[in-house]
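Novice: pasting a predicted model and its sequence here:
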2 protein chains.
Amino acid sequence: MNNLNKTTKFLVLTILLLFFTLNIISQTDETALKTIYKSSLTNGKSYEWLEHLSNKIGGRLSGSKNAELAVQYTKNELEKLGLDNVWLQPVMVPKWERGEKEMAYIETEGSITKVNICALGGSIATGKNGVTAQVIEVKDFNELATLGKEKIKGKIVFYNRPMQADLISTFNAYGGCVNQRYAGAMEAGKYGAVGVIVRSMNLRDDDYPHTGSMSYGDVSINQRIPSAAISTNDANTLSAALQQDNNLKFYFKQSCVQFDDVQSHNVIGEIKGSEFPNEYIIVGGHLDSWDLGDGAHDDGAGVVQSMDVIRLLKESGITPKRTIRIVLFMNEENGLRGATEYARVAKEKNENHIFALESDAGGFTPRGFSFATNDTNFNQVLGWKSLFKPYLIHYFEQGGSGADVGPLASDTNVLAGLRPDSQRYFDHHHAANDTFEHVNKRELELGAATMTSLVYLYDNYGVNPISKQSTLKD
Amino acid sequence: MNNLNKTTKFLVLTILLLFFTLNIISQTDETALKTIYKSSLTNGKSYEWLEHLSNKIGGRLSGSKNAELAVQYTKNELEKLGLDNVWLQPVMVPKWERGEKEMAYIETEGSITKVNICALGGSIATGKNGVTAQVIEVKDFNELATLGKEKIKGKIVFYNRPMQADLISTFNAYGGCVNQRYAGAMEAGKYGAVGVIVRSMNLRDDDYPHTGSMSYGDVSINQRIPSAAISTNDANTLSAALQQDNNLKFYFKQSCVQFDDVQSHNVIGEIKGSEFPNEYIIVGGHLDSWDLGDGAHDDGAGVVQSMDVIRLLKESGITPKRTIRIVLFMNEENGLRGATEYARVAKEKNENHIFALESDAGGFTPRGFSFATNDTNFNQVLGWKSLFKPYLIHYFEQGGSGADVGPLASDTNVLAGLRPDSQRYFDHHHAANDTFEHVNKRELELGAATMTSLVYLYDNYGVNPISKQSTLKD
């Protein structure tokens, strides 16, 4: 009876202690998040940095002069923040140039209709006389196979499968279409096509063609065919024209060139952890962008938000327990070389990356995060969800993370991607209208604060405290 | 024992029946919402209607020719939908005209800096020579009282309290500032000011001045002073100039005129309920807008979304049990006459308005609803929240609803307002850049689908089924 009483007393005290501890932690966390959000919205630097990156530098395709300017600029700005270390990590990247502005038109019974196209990243040129051929419109690769060589040979294949409008996440709609862009030339080439025109990955009807990466796989150089995107308005025009006249001709000319790889860099900065310096928390985005716009949303936003994560932690008086590292990856768009190299070196050095967060879905109002991790870790983060409610952050789901942090995956760590509102993302993605004026300051700053808050929580608690708690029990 | 067995059997059967019924209902509801969202995103009409309202008609200030064109246009479009009734409800509205474009500048030591202003709605003119005076900058009415007549008499009062950037809802930030605009002239007049300049209700620094309603209360006509809004950039310029030279002069001229009230109309359409025709469900927005832009967000969006609610119900094959009524209110902006008249007539006719939903917070991505109702009704709607999760609708809170549905409040009914993402709303609100191109088609359509889904659920279940269930128990 006495023993039982003792046990009961002990249990009650433990529960009370746990209750108070949790309560104190929760209040501290609430205050920390409040400070972080306030600081970002009243005193953030992300927008100012983005203005420079977008308007003073501009499009930053891997291997370009602008990409190197962006490396220097972000390195200098990180150095100003007084981090413990800032350095450049060398990486070889592809270099592809668009050359002269592309030209294209539809030719029907003597009348000519100009259309807006752009070469896909990695495509070959057409030669200076361009390509003129009949057009065959298809929705997918199966249709290509059904038509076969006989109907395709010598023609331009026009991929016109639109993004599915009734999907709520526009990224899902993108995922359902992007193979036309990425592998369209490789597939059409098999049947003797002489060129490829792809409907732009855009849910809106407008006049901007959207570039993006494409691949020839192992097709030999002299078997490759040129490939371009056409604006959604002009895809509709071309399709309607084909309904009228199946024999119309399409002309396009592009002058792009693939050069040898050149050296570039990831930009890295870190604050050493005060308690667990060997546990690494990574936040990042990619420095390179396509060349048509100034890459404000993709991924200038992710770059400057990540920079502000580090700054906001400092501004909010938080001394990280774990090492917080920012990585601005080079060459996400057409090679993923920066991410691959970063992960290789991290593995080589046996660095324990417990958590990595990427922002690469635009500078729009943040809605939450997608987590690539195991159920235990996911349950841990679900426990923090209510802290985000005042900031209207509600989306905590298991799923993908980000292309650049992807190579860091392990069985035990957590990779995450910021998930902003996606409705307008593909209005701008890889197009000439991905520009600074389409980023809203507050939306960008809310994203930076949301990222900082999650980094703060992972820094404070580490990954998977449940197992640590069991350790304490022993 | 036998009796008890019977009771147990009865209870088990009842529970099973209830379980299956609920389950069937839930699956039907899921399917209904899926159909509604798909229909809006692939076959919606809201964007097409908005294009006409914004670009073909334009700004629709009460009493203007454009307001009457909007009445005719929406009435005709509703008639095309084959509703059971469409009619115009007469209402007398104020008529105020801006007149010639305003002019204003800062005069310091012989140098002149032009600034962007606009007359506030309801303000008097300055007279053709304009007003020139020294400026006194204040943050609020307390500061005005502290300064007193001595320091204010003969001067222009410059209200420069900015919207609070760290509030997540920009509507809360607006609420904290708008008294400067609404009552600024009334208050400053008490101390002998000769004019009022108000910082625009805008969280962004830009060159657009924002108009909006102001009131002189019971100040007699010859005691009234003119009042204008200044763009946020120019408010910053003026404030900085005052720091340099406290004696600078400010000049402004505006030619606005208040006319006698004129007759206008609310536009109303309805589908009679098949089971409970005397239970009314209302959906609406306001037809009038300010004159500077084309009123696309405020409240063209709410108008066309409400129109599409009715159409989407039909498209989705839903036969309403209750009477669904669309009300396009006139004169929300500067009088609320349409809403007042609608509520008066509804009361006179003893119409039982069980649920009223307004969209008047812009055509941005919907996040959820705010409900003005009792706890029982609020708990009912919380039971439906999970149905909205696939559409990223997460915000279900008790609070305000909408200005136009407000007068319909009762102890037992439910009033609600759509709550879109608010971050960009005050970039455009009441300004020349509240225009069609700033509305995203998908965001608008998601809002229409979200409204339709809630109307569908209220139509299906009515308000407060818990009390109905108790009735069945008797």
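Specialist: Yep, it's here.
Novice: residue contacts, the residue in the stretch 251-400 of chain A that chain B sits nearest to?
Specialist: Minimum separation of the stretch 251-400 of chain A from chain B (CB to the nearest CB) falls at residue A:394, amounting to 4.1 Å. C-betas here are computed from N, CA, C, even on glycine. Contacts of residue A:394 were listed using CB atoms under 8 Å, 6 or more residues apart in numbering or on different chains, and they are A:367-368, A:385, A:388, B:392, B:394-395.
Novice: got the residues of chain A near chain B?
Specialist: Where proximity means CB under 8 Å from any CB of the partner chain, the interface of chain A facing chain B comprises A:37-38, A:41-42, A:165-166, A:168, A:170, A:203-204, A:365, A:367, A:390-392, A:394-395, A:421, A:423-424, A:427, A:440-443, A:446.
Novice: in strands only, show me those residues.
Specialist: With strands taken from DSSP state E, the overlap with the residues of chain A next to chain B comprises A:367, A:395.
Novice: residue A:28 and chain B: what is the separation?
Specialist: Computed with CB to the nearest CB, to the nearest Å, the distance linking residue A:28 and chain B is 19 Å.
Novice: which of the helices or strands spans that residue?
Specialist: Per DSSP states H and E: residue A:28 is located in helix A:2-43.
Novice: quick one: the strands in the stretch 201-350 of chain A?
Specialist: Using DSSP state E, counting those that start in this stretch, the strands of the stretch 201-350 of chain A run over A:227-230, A:249-253, A:257-271, A:276-286, A:322-329.
Novice: just say which of those strands is most tucked in.
Specialist: Mean neighbour count (mean count of other CB atoms under 10 Å in any protein chain shown) peaks for strand A:227-230 among the strands of the stretch 201-350 of chain A, with a mean of 30.
Novice: strands paired with that strand, and their directions?
Specialist: Strands that pair with strand A:227-230, judged by DSSP bridges, come out as strand A:117-119 (antiparallel), strand A:195-199 (parallel).
Novice: now for those strands, which one comes closest to residue A:266?
Specialist: Using CB to CB as the measure, strand A:117-119 is the one of the strands paired with strand A:227-230 that comes nearest residue A:266, at 26.9 Å.
Novice: return stretch A:352-359 as PDB; C-alpha atoms alone will do.
Specialist: This file holds the C-alpha atoms of stretch A:352-359, laid out as PDB (Å, rounded to 0.1, in the frame of the first residue of the first chain):
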ATOM      1  CA  ASN A 352      24.200  14.700 -39.800                       C
ATOM      2  CA  HIS A 353      21.500  16.700 -41.700                       C
ATOM      3  CA  ILE A 354      18.500  16.300 -39.400                       C
ATOM      4  CA  PHE A 355      16.200  18.700 -41.200                       C
ATOM      5  CA  ALA A 356      16.300  20.400 -44.600                       C
ATOM      6  CA  LEU A 357      13.700  23.000 -45.800                       C
ATOM      7  CA  GLU A 358      13.400  24.300 -49.300                       C
ATOM      8  CA  SER A 359      11.300  27.100 -50.700                       C
END
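Novice: next, the buried residues of it.
Specialist: Of the residues in stretch A:352-359, those buried under the neighbour-count criterion (16 or more other CB atoms under 10 Å in any protein chain shown) are A:352-359.
Novice: quick one, which of the strands paired with strand A:227-230 is nearest to residue A:227?
Specialist: Go through the strands paired with strand A:227-230 one by one with CB to CB and the one that ends up closest to residue A:227 is strand A:195-199, at 4.1 Å.
Novice: what angle sits between that closest one and strand A:249-253?
Specialist: Computed by axes from the mean of the first three to the mean of the last three CA atoms, to 10 degrees, the angle separating strand A:195-199 from strand A:249-253 equals 90 degrees.
Novice: tell me where the stretch 51-200 of chain A has strands.
Specialist: With strands called from DSSP E, counting those that start in this stretch, the stretch 51-200 of chain A shows them at A:85-97, A:103-108, A:111-114, A:117-119, A:131-138, A:156-159, A:195-199.
Novice: circling back: among the buried residues of stretch A:352-359, which are located in strands?
Specialist: Counting by DSSP E, these contribute A:352-358 to strands.
Novice: OK, contacts around the nearest residue to residue A:422 once chain neighbours are set aside?
Specialist: Residue nearest to residue A:422 in three dimensions, not counting chain neighbours: residue A:170, with 4.4 Å by CB to CB, 6 or more residues apart in numbering or on different chains. Applying CB under 8 Å, 6+ apart, one finds that residue A:170 lies in contact with A:163, A:203, A:422-423, A:425-426, B:442.
Novice: number of residues surrounding residue A:335?
Specialist: The number of residues packed around residue A:335, counting by other CB atoms under 10 Å in any protein chain shown, is 22.
Novice: would you mind listing the residues in contact with the closest residue to it other than its chain neighbours?
Specialist: The spatial neighbour of residue A:335 that comes closest, neighbours along the chain excluded (CB to CB, 6+ apart), is residue A:94 at 5.1 Å. Residue A:94 is in contact with A:62-63, A:122, A:258, A:261, A:331, A:334-335, A:337, counting by CB under 8 Å, 6+ apart.
Novice: ok, now residue A:324?
Specialist: Listed by CB under 8 Å, 6+ apart, the contact partners of residue A:324 are A:270-271, A:273, A:281, A:283, A:309-310, A:313, A:455, A:459.
Novice: need the contact list for residue A:75.
Specialist: Listed by CB under 8 Å, 6+ apart, the contact partners of residue A:75 are A:86, A:88, A:267.
Novice: if I look at it, how far off is residue A:85?
Specialist: When distances are taken as CB to CB, to the nearest Å, residue A:75 and residue A:85 turn out to be 12 Å apart.
Novice: follow-up on the earlier one: ok, which of the strands of the stretch 51-200 of chain A comes nearest residue B:291?
Specialist: Comparing the strands of the stretch 51-200 of chain A against residue B:291 with CB to CB, the closest turns out to be strand A:111-114 (38.6 Å).
Novice: paired strands for the closest one, with orientation please.
Specialist: Sheet partners assigned to strand A:111-114 using DSSP bridges are listed as strand A:103-108 (antiparallel).
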